[in-house]
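# The amino acid sequence is not available; the structure is as follows:
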């Protein structure tokens, strides 16, 4: 979500909305930010305004400046004790509000203090633990879990896969609009071919039902729905992992079929971890960490792993080398020279 410091957009149209939060949503959608980013930025903008109006006097952000922004961020750190990542997200949202919505690119915007990023050693499952957990997750969630571990994709990237993104002939998957709005290509595991074809058969059954019922097509990214009005109804653009229920598109109000909800795999993974007796704080993202670590353990070049993960800087990928040092035992303890192993 750290996009507020991108090069300024030239020729952004005048805002049509009159209410502040509607203006914020309008600008976010114009810049093609994700729905997740939209919800987060709207939340922090609303919180910022309401916190400064807690004594009964509501003020527009245009009448506030550096002192008010810093006071809000100080409150988050000192009273709410939010994490550095949450602190940065709140700052990014407020800077976006001032620069992109209110059109204020003032010097103090860049002088606001930013909490340093903390490098954490990621939680990684062993190969045996991954095998144990995956064996307990069935259905579409099971296919998705295997796909995430087998390719290193993020959860959102896996959920957003369209039928046309799977290339069975070349055993490749095109990951579109990943983090940073970048595309990349990852492997399509040979061991998943049959499961993915079965999943596509289930997806096509839902697609056929929607077409027979003349339902609205699936969501189309950016402005493609306006450019190709019928594309969302095509099989090529249908979800690989569609939800079995229809839902209302929060941005358009149109009832259509969305992909699986994010929480479904997380809940199944949590249950599998408990059933396996694995005492690690693992999440769906842990499958991605495990993918990278296991590739490096197998001798894969770190630059290749970087490309597969979609990291723009190899230093981000280097964190997994620290995991390998821990897994290898690192430097021998002097205690081991005194006492036999038990």
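Good, I have the coordinates. Just so we're clear, the structure is a prediction, and the values are computed from it rather than from any experiment. Residues are numbered from 1 along each chain as shown.
# How about residue 248, nearest residue that isn't a chain neighbour?
Closest residue to residue 248 apart from its sequence neighbours, by C-beta to C-beta, 6 or more residues apart in numbering: residue 255 at 5.5 Å. In this view, the C-beta of every residue, glycine as well, is placed from N, C-alpha and C.
# So that neighbour is in contact with residue 246, correct?
Yes. Taking C-beta atoms under 8 Å as the definition, residue 255 is a contact partner of residue 246 at 5.4 Å.
# So for those two, which residue has more residues nearby?
Per other C-beta atoms under 10 Å, whichever of residue 255 and residue 246 has more neighbours is residue 246, with 15 against 11.
# how far is the helix or strand hosting the more buried one from where the chain is centred?
Under the criterion of DSSP states H and E, residue 246 resides in strand 242-248. Relative to the chain's own centre, strand 242-248 is displaced by 20 Å; criterion: C-alpha atoms, centre = their mean, to the nearest Å.
# Who are the packing partners of the following helix or strand past that strand?
Per DSSP H and E, the first helix or strand lying C-terminal to strand 242-248 is strand 255-259. Packing partners of strand 255-259 (3 or more C-beta pairs under 8 Å, 6 or more residues apart in numbering; DSSP states H and E): strand 242-248.
# Now do the buried residues in the strand it packs on.
Within strand 242-248, the residues scored as buried using 16 or more other C-beta atoms under 10 Å are 242-243.
# what angle separates it from strand 255-259?
With axes from the mean of the first three to the mean of the last three C-alpha atoms, to 10 degrees as the basis, strand 242-248 and strand 255-259 are set at 140 degrees to each other.
# who does strand 242-248 pair up with?
strand 255-259 (antiparallel) (DSSP bridges).
# mean confidence for the strand it pairs with?
For strand 255-259, mean pLDDT rounds to 95.
# what's the answer for stretch 93-103, then?
Stretch 93-103 carries an average pLDDT of 93.
# Can you give me the first-to-last residue distance of it?
14 Å (C-alpha to C-alpha, to the nearest Å).
# what distance separates it from the centre of its chain?
How far stretch 93-103 lies from its chain's middle: 22 Å, per C-alpha atoms, centre = their mean.
# Please apply the same query to stretch 136-144.
That offset, for stretch 136-144, works out to 20 Å (C-alpha atoms, centre = their mean).
# and if you look at stretch 286-293?
Between the centre of stretch 286-293 and the centre of its chain there are 15 Å (C-alpha atoms, centre = their mean).
# And the contacts of that stretch?
122-125, 130, 145, 148-154, 280, 305, 308-309, 317, 320, 323-324, 327 (C-beta atoms under 8 Å, 6 or more residues apart in numbering).
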